[in-house]
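Engineer: Build me a model:
(one chain, ligands or ions: 1)
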Amino acid sequence: MKRLTRHAVFAVALVLAGASAFAQQPIVIKFSHVVARDTPKGQAAERFKQLAEERTNGRVKVDVHPNSQLYKDNEEMDALRLGAVQMLAPSMSKFGPLGLPQFELFDLPYIFPNREVLHRVTLGPLGKELFKSLEAKGIVGLGYWDNGFKAMSANRPLHMPADYKGLKMRIKSSKVIDAQMRALGVLPQVMAFSEVYQALQTGVVDGSENSLPNFLTQKFYEVQKYLALTNHGYDGYAVIVNKKFWDGLPEDIRATLDKAMQDATAYENELSLKENAEGVGKIKATGRVQVYEITPEEQAALRKALLPVHKEMESRIGKQWIDAVYKEAAALGVRY
Ligand code: LMR
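Structural biologist: This is a model prediction of the structure:
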């Protein structure tokens with residue numbers, strides 16, 4: 001009898017030890033992205049990791065994989081939906097192939113005259129509505145992260161629309177950016193971010209558009225001679241998570257992660273402003289590329305050439321989304 005009891009106690013102890021080892025297994029979030037660690041997105045992903053791990057006392061572990069280490073941007077969407085990774089922050093120009101062309105709204109040239117209008121959209125009801133449209137695809141949107149207003153680069157100076165004619169330029173997988181480039185007589189070529197440097201270096205493409213932090217951290221200045229600060233369009237991210245994973249989290253964990261994401265989002269949006277402002281000087285300091293503002297006349301000519309893209313893309317994006325942005329802009333006194 002004594003022997004039996006001893007066995008029973010041992011067995012119970014084993015079960016308890018097993019259970020507590022299981023309870024201590026952290027929930028792992030694989031967060032994959034395609035840019036460098038020292039970009040606004042890269043740093044905000046690290047901030048989210050730090051906040052999430054601290055505030056859940058280690059119950060959640062966030063593994064950040066930058067620089068397309070795990071997946072290129074054409075693969076990472078599939079990885080998210082299959083549950084191979086749990087979190088991403090792709091550019092909104094990359095949602096079209098998922099069957100969500102309304103996100104290409106953000107790619108319309110000159111749609112956001114400034115950050116105020118942009119944030120009325122991303123932080124307001126329209127942003128929420130766009131996120132709702134992700135759910136049918138098994139995705140939940142957690143936050144909008146700014147990348148910045150874009151610049152155009154090539155190996156010849158770009159001033160007037162005619163200067164773009166005949167260039168081959170790399171674009172993201174957005175039909176709106178495709179239309180924008182075609183409006184300038186450019187031959188657009190869709191390409192993953194991780195392939196751009198080499199394509200510029202070998203002349204597969206002549207130029208590209210991007211934010212200043214990306215231009216800087218990818219060292220595109222080594223393979224491009226001119227960078228025109230056109231501010232012709234916006235690039236930003238949606239931080240997204242696999243819906244099944246997210247809905248399956250314990251409620252307290254989900255709430256803590258949600259708050260950590262809100263804080264990481266506020267951090268990212270301030271950081272991107274700073275890094276875009278400092279980016280000009282840092283790119284100039286490399287001495288490798290000519291960086292210049294375009295004149296108001298050149299800006300007006302570019303705008304005139306590109307604004308018709310709004311109408312042209314109405315049926316793809318959905319007129320109601322475009323009108324909703326116009327309304328937000330009008331509330332701040334902006335007319336197109
Ligand atoms: C690009 O593909 O140019 C960018 O969207 C990369 C990024 O995530 O900023």
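Engineer: which bits of the stretch 201-336 of the chain sit near the ligand?
Structural biologist: The stretch 201-336 of the chain comes close to the ligand at residues Asn210, Asn214, as judged by C-beta under 6 Å from any ligand atom. Where C-beta positions appear, they are placed from N, C-alpha and C, glycine not excepted.
Engineer: all helices for the stretch 201-336 of the chain, in order.
Structural biologist: Along the stretch 201-336 of the chain, counting by DSSP state H, counting those that start in this stretch, helices occupy 212-217, 243-247, 251-285, 296-306, 308-312, 314-317, 319-331.
Engineer: ranking those by burial, who's on top?
Structural biologist: With neighbours taken as mean count of other C-beta atoms under 10 Å, the helices of the stretch 201-336 of the chain reach their highest mean count in helix 212-217, at a mean of 24.
Engineer: Averaged pLDDT, that helix. What do you get?
Structural biologist: The average pLDDT for helix 212-217 rounds to 98.
Engineer: still on that earlier bit, need the helices of the stretch 201-336 of the chain in CSV with distance to Val60, can you?
Structural biologist: Shown next, in CSV, are the helices of the stretch 201-336 of the chain (distance: least, C-beta to C-beta, whole Å):
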stretch, distance to Val60
helix 212-217, 28
helix 243-247, 12
helix 251-285, 6
helix 296-306, 44
helix 308-312, 42
helix 314-317, 36
helix 319-331, 34
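Engineer: Compare the ones you listed and give me the one nearest Glu76.
Structural biologist: Set against Glu76 and scored by C-beta to C-beta, the helices of the stretch 201-336 of the chain come closest in helix 243-247, at 14.9 Å.
Engineer: Return the list of helices and strands in contact with the closest one.
Structural biologist: strand 139-149 (3 or more C-beta pairs under 8 Å, 6 or more residues apart in numbering; DSSP states H and E).
Engineer: And the helices of the stretch 201-336 of the chain: which comes nearest Val186?
Structural biologist: helix 296-306 (11.0 Å).
Engineer: what's the spacing between that closest one and its chain's center?
Structural biologist: Taking C-alpha atoms, centre = their mean, to the nearest Å, the mean C-alpha location of helix 296-306 is offset from the chain mean by 26 Å.
Engineer: tell me what that helix is packed against?
Structural biologist: By 3+ C-beta pairs under 8 Å, 6+ apart, helix 296-306 packs against helix 175-183.
Engineer: For the helix it packs on, list the C-alpha coordinates in PDB.
Structural biologist: Listed next in PDB are the C-alpha coordinates belonging to helix 175-183 (Å, rounded to 0.1, in the frame of the first residue of the first chain):
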ATOM      1  CA  LYS A 175      -2.200  48.200 -60.700                       C
ATOM      2  CA  VAL A 176      -2.500  51.800 -59.500                       C
ATOM      3  CA  ILE A 177       1.300  52.300 -59.500                       C
ATOM      4  CA  ASP A 178       1.300  50.500 -62.900                       C
ATOM      5  CA  ALA A 179      -1.200  53.100 -64.200                       C
ATOM      6  CA  GLN A 180       0.800  55.900 -62.600                       C
ATOM      7  CA  MET A 181       4.000  54.900 -64.400                       C
ATOM      8  CA  ARG A 182       2.300  54.300 -67.700                       C
ATOM      9  CA  ALA A 183       0.800  57.800 -67.500                       C
END
